[in-house]
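Asks: Provided below for reference: sequence and predicted model.
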Number of protein chains: 2
Amino acid sequence: MTGSYVVRPIGRVESTLLDPAAAPRQGDEGAPDAWLVLDPAMKPAAADLAIGDDLVVLTWLDRADRDVLRVHPRSDPDAPVHGVFSTRSPDRPNPIGLHTVRILAIDGTRLRVSGLEAIDATPVLDIKPVLGPIDTR
Amino acid sequence: MTGSYVVRPIGRVESTLLDPAAAPRQGDEGAPDAWLVLDPAMKPAAADLAIGDDLVVLTWLDRADRDVLRVHPRSDPDAPVHGVFSTRSPDRPNPIGLHTVRILAIDGTRLRVSGLEAIDATPVLDIKPVLGPIDTR
């Protein structure tokens, strides 16, 4: 495939999680609340976010191995090897993390969010609302 | 924010949708079935995908305006302007599209998927399984 594109972080995760090996596999598997610290230049883009909003946060898993195409799911050596597109492994060609969270508090361009398994300093690429039923969009 | 990262497409969308202005806003709003044409080098990563799998497909919305921070939601000029992080606008700093689809057919590294609102030739960045309940992971 030809072509490539540059992603530029809009912010960073601020979390008590420091060790990738100790991080929960998913946000609903015991991950702590965390801050999304947005670039102040993003203030207009974030201005309509509100406490209680359910969001999809996209991150760049910057410690991932991008050459990995097959893995043991959930890092379990007893699990049969799978193609990474059938897993949520962080090791994959474009290591973009997807996280569903709820806004708990807002302090300027800092957003406190529920259960986030990304480790401290993980770059944030995008924030999107969770879509409700068609008639509510 | 410092730093940037390079994303490299793993494939392209092949669709009857050619005009962004005419595309449905979301996949469940009348979008046609389409093909994901993966780079043959991605075959090991895609080898465990199966007909019936529910996937999240990440795309790069390469016609988006990345300098837009506020928009009229759903391109409705009568809708109040919102920060893009509260909308699914393709115009946003990192224009990554999220699409929930089901695999309908597989032909080598070509995947036929249900209702996809991305237009023809849109770069594909990643494919992930939709997560089920915790005890099924």
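Replies: Alright, I've got the coordinates.

Asks: check the gap between A:Ala79 and B:Ala46 for me.
Replies: Using CB to CB, to the nearest Å, A:Ala79 is found at 18 Å from B:Ala46. Glycine gets a C-beta too; all of them are placed from N, C-alpha and C.

Asks: and those two? which has more neighbours close in?
Replies: Legend: neighbour count by other CB atoms under 10 Å in any protein chain shown for A:Ala79 and B:Ala46, higher for B:Ala46 (24 against 12).

Asks: and the residue nearest to the more buried one when sequence neighbours are not counted, how many neighbours does it have?
Replies: Of all residues not flanking B:Ala46 in the chain, A:Phe85 sits nearest, at 5.1 Å (CB to CB, 6 or more residues apart in numbering or on different chains). By the criterion of other CB under 10 Å, A:Phe85 has 27 neighbours.

Asks: quick check, A:Phe85 in contact with B:Ala45.
Replies: Yes: using CB atoms under 8 Å, A:Phe85 makes contact with B:Ala45 at a distance of 4.9 Å.

Asks: can you name the residues that contact A:Ala105?
Replies: Going by CB atoms under 8 Å, 6 or more residues apart in numbering or on different chains, A:Ala105 touches A:51, A:111-112.

Asks: all the helices of chain A, in order from the start?
Replies: Assignment of helices within chain A using DSSP state H yields the ranges A:43-46.

Asks: what stretches of it score poorly on pLDDT?
Replies: Applying pLDDT under 70 to chain A picks out residues A:1-2, A:136-137.

Asks: quick one, strands of chain A?
Replies: Taking DSSP state E to define them, one finds strands in chain A at A:5-7, A:11-14, A:34-38, A:54-60, A:70-71, A:82-83, A:96-107, A:110-113, A:123-129.

Asks: wait, which of those is closest to B:Val101?
Replies: strand A:96-107 (14.7 Å; CB to CB).

Asks: between the contacts of A:Ala105, which is nearest A:Pro32?
Replies: A:Arg112 (11.1 Å).

Asks: I appreciate the help and will end here.
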